[in-house]
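>>> Fold the stuff below for me.
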Amino acid sequence: MLTPDAKRSQLAEEYRLIKRPLLMNVDKKGADIVDNANMIMVTSALPGEGKTFSAINLAMSIAMERDRTVLLVDGDVAKPTAAKRLGIEAELGLTDLLDGSCDSVADVLVHTDVANMRILPAGRRHERATELLASERMGMVMAELSTRYSDRVVIFDSPPLLLASESAVLAEMMGQVIMVVAAEQTGQHAVNEGLARLGEDKIIGLLLNKYRPGLGNRYGTGYRYGYGYGYGYGQAPTADESAAQPGV
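The predicted structure follows:
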């Protein structure tokens, strides 16, 4: 994982390349303009593709910006892992805020030792998590998260698209979506089906994870990233990323 005090590394450099078009879209300087561009969901078609790893590193990279603050939301309410990977053992979180157990975002927001980075844990498991995420209360929370600070970028670690209905509900509220795809692991049909569940009117990026270069490709050691718009995603300029951690 990236850390704010780490020395210059391949991993840090590659996430700089990945985040730059996302931040340009936030600033409405990209190729297209969408609502809620500062709300970015990181997801995958299936488990084990590296979405949480990517969400955490993307949030940490954005936190290194001088004029940004970032909020990482553990939106995988059925199987939360983002907060735990960062050593946060908070019991309350997003679901408690949505079901009325907590009164305000401040009650569940976790401050970190990174000055401009906050964490919103998933909270306690709830049998009607999908309905909570689709509720009017969720809309109010999302509006507060996205507009309270003008420099804030909100990163959602979402459940896998093909295994949980919550991800499609979250996607409706996002301006940008990054879909992590594991190289030599995820079938094309799974990718296409996952994309079909994201809807339109948002910027959709594909991040190829666990990429291992062949002998004929000396460049690139871990990821490739491309982005597009709605179902018009296509071959955009790609960024080679550093070697993914084994098993991520």
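>>> show me where this structure has strands.
39-44, 69-74, 110-111, 117-120, 152-157, 176-182, 203-209, 224-229 (DSSP state E).
>>> Of those strands, which stretch is the most buried?
strand 39-44 (a mean of 28; mean count of other CB atoms under 10 Å). The way it works is simple: take the backbone N, C-alpha and C, and place the C-beta from them, glycine included.
>>> Residues in contact with that one: which ones?
22, 50-52, 54-55, 58, 75, 142, 145-146, 153-161, 167, 170-171, 173-182, 186, 194 (CB atoms under 8 Å, 6 or more residues apart in numbering).
>>> just stretch 187-198 next, same as before
Outside stretch 187-198, the residues touching it (CB under 8 Å, 6+ apart) are 43-46, 161-162, 167-168, 171, 177, 179, 181, 204, 206, 231, 233.
>>> Where does the prediction get shaky in this protein?
Along the chain, the parts satisfying pLDDT under 70 run over 6, 214-248.
>>> Look up the closest residue to the residue sitting nearest the centre point of it, ignoring the ones flanking it.
Closest to where the C-alpha atoms of the chain average out (CA atoms, centre = their mean) is residue 42, at 2.8 Å. Leaving aside its chain neighbours, residue 42 sits nearest to residue 55 (3.9 Å; criterion: CB to CB, 6 or more residues apart in numbering).
>>> Relative to residue 83, how far out is residue 112?
Look at residue 112 and residue 83: by CB to CB, to the nearest Å, they are 10 Å apart.
>>> Now the common contact residues for these two.
Contacts common to residue 112 and residue 83, judged by CB under 8 Å, 6+ apart, are residue 119.
>>> pretty sure residue 2 is in contact with residue 62, am I right?
No - checked against CB atoms under 8 Å, the pair residue 2 and residue 62 is beyond contact range at 10.3 Å.
>>> More neighbours: which of these two?
residue 62 (25 against 16; other CB atoms under 10 Å).
>>> so that one sits right up against residue 151, yeah?
No - with contacts counted by CB under 8 Å, residue 62 stays clear of residue 151, the gap being 10.4 Å.
>>> Need the overlap of contacts for these two.
What both residue 62 and residue 151 touch, as defined by CB under 8 Å, 6+ apart, is the set residue 68.
>>> And residue 79, how close does it get to residue 158?
Relative to residue 158, and taking CB to CB, residue 79 is found at 11 Å.
>>> Of the two, give the one with the bigger neighbour count.
Neighbour totals were compared for residue 79 and residue 158, and residue 158 leads with 29 against 14 (other CB under 10 Å).
>>> Quickly note the distance from the residue nearest to the more buried one when sequence neighbours are not counted to residue 13.
In space, and not counting its chain neighbours, residue 158 is closest to residue 43: 4.0 Å by CB to CB, 6+ apart. Residue 43 sits at a distance of 24 Å from residue 13 (criterion: CB to CB).
>>> hmm, back to that, next one: the residue nearest to residue 158 relative to residue 160, how far apart?
Taking CB to CB, one finds residue 43 at 7 Å from residue 160.
>>> Now the common contact residues for those two.
With CB under 8 Å, 6+ apart as the test, residue 43 and residue 160 both reach 51, 167.
>>> now could you export just the CA positions of stretch 47-54 as CSV?
Presented in CSV, the C-alpha positions along stretch 47-54 are these (Å, rounded to 0.1, in the frame of the first residue of the first chain):
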residue,chain,number,x,y,z
PRO,A,47,-14.3,-10.8,-5.9
GLY,A,48,-10.5,-11.1,-5.8
GLU,A,49,-9.7,-8.7,-8.6
GLY,A,50,-8.1,-6.0,-6.4
LYS,A,51,-10.8,-3.4,-6.0
THR,A,52,-10.1,-2.6,-2.3
PHE,A,53,-6.3,-2.5,-2.9
SER,A,54,-7.0,-0.1,-5.8
